[in-house]
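K.L.:
Return a 3D structure for these sequence lines:
(chains A, B, C and D)
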Number of protein chains: 2
Amino acid sequence: MSLEDLGEKGRRAKSERAAAKSGVDAKPTLKTIAELTGLAVTTVSHALADAPQIALETRQRVRKVAADIGYLPDRAAQRLRTGRTNVISLVLDPHEEILGYATSMINGLTEALRGTAYHLVITPHFSDTPQIEPVRHIMRNRMADGIVFTRTEPADERVKLLMENNFPFICHGRTELATAHPYVDYDNYSFAYQAAKKLIATGARKLSIILPPERFTFAHHLKHGFMTAVREEGVGFEIAKGVTLDSKSDDIRDYLFRRMGEPERPDSYICGGEVSALAVMASAYDHRLELGKDIRLVAKQTSGLFDQIRPRVETIYEDLAEAGFLMGKLLLKRIAGPAPIQELQALQTV
Amino acid sequence: MSLEDLGEKGRRAKSERAAAKSGVDAKPTLKTIAELTGLAVTTVSHALADAPQIALETRQRVRKVAADIGYLPDRAAQRLRTGRTNVISLVLDPHEEILGYATSMINGLTEALRGTAYHLVITPHFSDTPQIEPVRHIMRNRMADGIVFTRTEPADERVKLLMENNFPFICHGRTELATAHPYVDYDNYSFAYQAAKKLIATGARKLSIILPPERFTFAHHLKHGFMTAVREEGVGFEIAKGVTLDSKSDDIRDYLFRRMGEPERPDSYICGGEVSALAVMASAYDHRLELGKDIRLVAKQTSGLFDQIRPRVETIYEDLAEAGFLMGKLLLKRIAGPAPIQELQALQTV
DNA sequence: AGCCTCATCTATATCGTTACAAATTTTTCG
DNA sequence: CGAAAAATTTGTAACGATATAGATGAGGCT
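P.N.:
Prediction:
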């Protein structure tokens, strides 16, 4: 460390102390309020917590002073003492499909957390470690009061672990576990069902669907809705083989381009994501197949993107920001205390 | 509270105490290590900090034990004691254009923070409060050790405030302030310049550009690059009036549709964002104008989206994940201590 | 008056960590 | 060998909040 650095530090420390003495600019604590009101620190703490054993008049006076000097409790101190972190952790899985998936969800979550003491911390899940790692870590080291995660699986390890430990969480998507748990989900069964019906109604005779990786619960929902519709209508169908919504978009397009060149090609596609829908359009274009005639398409829309896509494509909307908002609200309710499980579940309708 | 709840709590508390006694499953602290090694808590703390006055052999022994029991320092306690939060705050401005802007940036940031003690906290900026509010709040209440923000303005209030208080930060975009400050920026001047040159080289005679809101510095960079190119080439030009990259995409398309119906319409567009580029394509389509012939287009690409768009569009790539990564790395360097300002600035080339 | 109750406020200890100063042990050397 | 120096370890206090138990004083009752 250089002399200059030392000098810097010395000056800063001194001015900070001076500021503290004069009460100007120093971060106010309970002690500051205690001095200002002539009360004890404990009393101030209780007063701010609206404890009934503190005289109403005192509570009001303390609150007034606290507001005047802009007091905010120190999160670290509160956390250390109480064990509550006031943190919600969003475990983020980086993946390409669905542009702005995370952004929408984050917007919804922050909106739900608005006005509360909770902060949103992004905990990345790097793909070279098992999926359960970040969750275990957050739980073991009490990094958050609640966990939000996505891409739920039928026998999701994370759900099991969190349930076993009675740790507050909410996930985007359902499981097939016996025990009910909090979730927010979009009705992908109905999405696929309605999408298929729409296509068939406009003349589709052989439908195809691009599914998410099979390990996710919503892949089964989509498949089930799809199968129900094609069986009800007795039309041909297939399920895209070798690619999923998580595949690189170029790979999806290459698959589609190949398939569209084959004799028994499907005449219609259901896409659970925007990028794969564009890949369908690109492949059709490259084959000079006309959209809406040679190739039909229903896409799931999660952004304003498809409003600008030509030719216009039939879409069904999923509101991810709302999903994030719901997740936030339900998680907060869960953290606040035990609640009937039905009040912690939400299914977004198509 | 019901009797059952009390019972639950009683049992839990008891089992936790038992666990603590046997050392199983309880969260390990310095004290745990101290007991295990027979050293004092202070010694353990120093040993883990690799203090040279602790015998090397001791340091190694302590580290071994710490690793064995999976010790992680308590963030709250560290934060309370040292004042360091180990938090990086990303101030997020919700806006539509550039799909997944935030996602890419977050991915880059988390990658940069990987392996460090830093957590990424999302601090939303709600549009009904002044832009500087979240920054002031973070600084005043020491909510983070460093701040990341985007959409920088020429005389950015946030930059001024943070500089005055010598608070570590990094912003996406530059200012026109006299004092140099840390930033990561994309060379939007060159983007617009090269985009214009490309268009002119393929026959463009009247260029148009859709700019971001004028208050952002990068709007000026884009404009400047654009103007330089059109003046050098002596071709016609205009700047889209009444809409910006921040306008709702439908409004952009409506504007473009109107403009393309007028006699003196531009024959080429430069779009600083993907949605607006799609709006150009949609308007051209709706007018039955052929892309690449009647209407030319160069778009800025920030995702894989345009790889699937047909007809193919000329694009220039901006790597937002890399921008996020750079911001993270440079901010960490700044937090670590004073550094030459040039080492805290990065300009991504087109 | 003396004792009790109630309302209100306060002292103490503690969460896990680290800065600082001091204590202890080991080594060096005249 | 013994004192001084060096190396190593330790105790204490503090960060800011809150849980717990206790103190204070006013008023009521016999």
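
K.L.:
Identify the residues contacting the residue most central in space within chain A.
P.N.:
Chain A has residue A:105 as the residue nearest its centroid, 4.3 Å off, counting by C-alpha atoms, centre = their mean. Contacts for residue A:105 (C-beta atoms under 8 Å, 6 or more residues apart in numbering or on different chains) come out as A:90, A:150, A:172, A:320, A:321, A:323, A:324, A:327. (Each C-beta comes from the backbone N, C-alpha and C, glycine too.)

K.L.:
Make CSV from the residues you listed and add distance to DNA strand D and pLDDT to it.
P.N.:
Shown next, in CSV, are these (distance: C-beta to the nearest atom of the strand, whole Å; pLDDT from 0 to 100):
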residue, distance to DNA strand D, pLDDT
A:90, 25, 98
A:150, 32, 96
A:172, 32, 97
A:320, 35, 95
A:321, 32, 95
A:323, 32, 98
A:324, 28, 97
A:327, 26, 98
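
K.L.:
Give me the subset of those residues lying in strands.
P.N.:
Assigned to strands by DSSP state E, the following of the contacts of residue A:105 qualify: A:90, A:172.

K.L.:
which one of the contacts of residue A:105 is nearest chain B?
P.N.:
If you rank the contacts of residue A:105 by distance to chain B using C-beta to the nearest C-beta, residue A:90 comes first, at 8.2 Å.

K.L.:
from memory the closest one sits against residue A:121, does it?
P.N.:
Yes: using C-beta atoms under 8 Å, residue A:90 makes contact with residue A:121 at a distance of 7.2 Å.

K.L.:
More neighbours: these two, which one.
P.N.:
residue A:90 (25 against 19; other C-beta atoms under 10 Å in any protein chain shown).

K.L.:
what sits opposite that one in the beta ladder?
P.N.:
Counting by DSSP bridges, residue A:90 forms beta bridges with residue A:122, residue A:148.

K.L.:
Could you measure from the closest residue to residue A:40 other than its chain neighbours over to DNA strand C?
P.N.:
With sequence-adjacent residues excluded and distances taken as C-beta to C-beta, 6 or more residues apart in numbering or on different chains, residue A:40 is closest to residue A:34, at 6.1 Å. Separation of residue A:34 from DNA strand C (C-beta to the nearest atom of the strand, to the nearest Å): 8 Å.

K.L.:
Contact partners for residue A:34?
P.N.:
Counting by C-beta under 8 Å, 6+ apart, the residues that residue A:34 touches are A:40, A:41, A:43, A:44.

K.L.:
now do 10 Å
P.N.:
By C-beta atoms under 10 Å, 6 or more residues apart in numbering or on different chains, the contact list for residue A:34 reads A:40, A:41, A:42, A:43, A:44, A:45, A:62, A:65.

K.L.:
How many residues are close by residue A:233?
P.N.:
Residue A:233 is flanked by 17 other residues according to other C-beta under 10 Å.

K.L.:
my bad, should have said residue A:222
P.N.:
When neighbours are counted by other C-beta under 10 Å, residue A:222 registers 26.

K.L.:
tell me which element it falls in.
P.N.:
helix A:217-233 (DSSP states H and E).

K.L.:
Counting by contacts, list what the following helix or strand past that helix packs against.
P.N.:
Sequence order places strand A:236-239 as the next helix or strand after helix A:217-233, per DSSP H and E. On a contact count with 3 or more C-beta pairs under 10 Å, 6 or more residues apart in numbering or on different chains; DSSP states H and E, strand A:236-239 meets strand A:206-210, helix A:217-233, strand A:268-271.

K.L.:
what would the contacts of residue A:105 look like in TSV with distance to residue A:178?
P.N.:
Shown next, in TSV, are the contacts of residue A:105 (distance: C-beta to C-beta, whole Å):
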residue	distance to residue A:178
A:90	27
A:150	22
A:172	20
A:320	29
A:321	32
A:323	25
A:324	28
A:327	23
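
K.L.:
Can you list which of the contacts of residue A:105 are found in helices?
P.N.:
Taking DSSP state H as the definition of helices, the contacts of residue A:105 contribute A:320, A:321, A:323, A:324, A:327.

K.L.:
What about chain B: which of those touch it?
P.N.:
Contacts with chain B are made by residue A:321 out of the ones in helices among the contacts of residue A:105, judged by C-beta under 10 Å from any C-beta of the partner chain.

K.L.:
Show me which of the ones in helices among the contacts of residue A:105 is closest to DNA strand C.
P.N.:
Checking those against DNA strand C with C-beta to the nearest atom of the strand, the nearest one is residue A:327 at 29.8 Å.

K.L.:
Isn't residue A:316 up against residue A:199?
P.N.:
No: here residue A:316 does not reach residue A:199: they are 11.6 Å apart, not a contact under C-beta atoms under 10 Å.

K.L.:
what residues are shared contacts of those two?
P.N.:
When C-beta under 10 Å, 6+ apart defines a contact, the residues bordering residue A:316 and residue A:199 alike are A:270, A:298.

K.L.:
quick one, which of those two is more surrounded?
P.N.:
Applying other C-beta under 10 Å to residue A:316 and residue A:199 shows that residue A:199 carries more neighbours, namely 27 against 17.

K.L.:
So, low pLDDT: which residues of the stretch 1-150 of chain A?
P.N.:
A:1-25, A:96-98 (pLDDT under 70).

K.L.:
rewinding a little: which residues do residue A:90 and residue A:121 both contact?
P.N.:
Residues touching both residue A:90 and residue A:121 by C-beta under 10 Å, 6+ apart: A:144, B:120, B:122.

K.L.:
out of the residues you listed, who has the most neighbours?
P.N.:
For these, neighbours tallied by other C-beta under 10 Å; top is residue A:144, 26 neighbours.

K.L.:
Identify the residue nearest it in space, chain neighbours excluded?
P.N.:
Using C-beta to C-beta, 6+ apart and skipping the chain neighbours, the partner closest in space to residue A:144 is residue A:89 (3.7 Å).

K.L.:
Which positions in the helix or strand hosting the residue nearest to residue A:40 come out as buried?
P.N.:
Assigned by DSSP H and E, residue A:34 falls within helix A:30-37. The neighbour-count check on helix A:30-37 (16 or more other C-beta atoms under 10 Å in any protein chain shown) flags A:30, A:32, A:33, A:34, A:36, A:37 as buried.

K.L.:
Next SSE downstream of it?
P.N.:
helix A:41-48.

K.L.:
any residue of that next one up close to DNA strand D?
P.N.:
Yes: Helix A:41-48 is in contact with DNA strand D by C-beta under 7 Å from any atom of the strand, via A:41, A:42, A:45, A:48.

K.L.:
What is the nearest of those residues to DNA strand C?
P.N.:
Lowest distance from DNA strand C to those (C-beta to the nearest atom of the strand) belongs to residue A:42, with 3.5 Å.

K.L.:
correct me, but that closest one touches residue A:30?
P.N.:
Yes: with contacts counted by C-beta under 10 Å, residue A:42 reaches residue A:30, the gap being 8.6 Å.

K.L.:
Residue A:211 - how many residues pack around it?
P.N.:
Residue A:211 sits with 23 neighbouring residues when counted by other C-beta under 10 Å.

K.L.:
thought it was touching residue A:217?
P.N.:
No: assessed by C-beta under 10 Å, residue A:211 is found out of contact with residue A:217, at 11.7 Å.

K.L.:
ok so, going back, mind saving the C-alpha coords of the helix holding residue A:34 as CSV?
P.N.:
Taking Å, rounded to 0.1, in the frame of the first residue of the first chain, the C-alpha atoms of helix A:30-37 are listed here in CSV:
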residue,chain,number,x,y,z
LEU,A,30,-31.3,2.6,16.1
LYS,A,31,-28.7,4.3,18.4
THR,A,32,-29.1,7.5,16.4
ILE,A,33,-32.8,7.5,17.0
ALA,A,34,-32.3,6.5,20.6
GLU,A,35,-30.1,9.6,21.2
LEU,A,36,-32.5,11.8,19.3
THR,A,37,-35.5,10.7,21.3
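
K.L.:
distance of the residue nearest to residue A:40 from residue A:60?
P.N.:
As for residue A:34, its distance to residue A:60 is 16 Å (criterion: C-beta to C-beta, to the nearest Å).

K.L.:
What of residue A:197?
P.N.:
Residue A:197 is 62 Å from residue A:60, by C-beta to C-beta.
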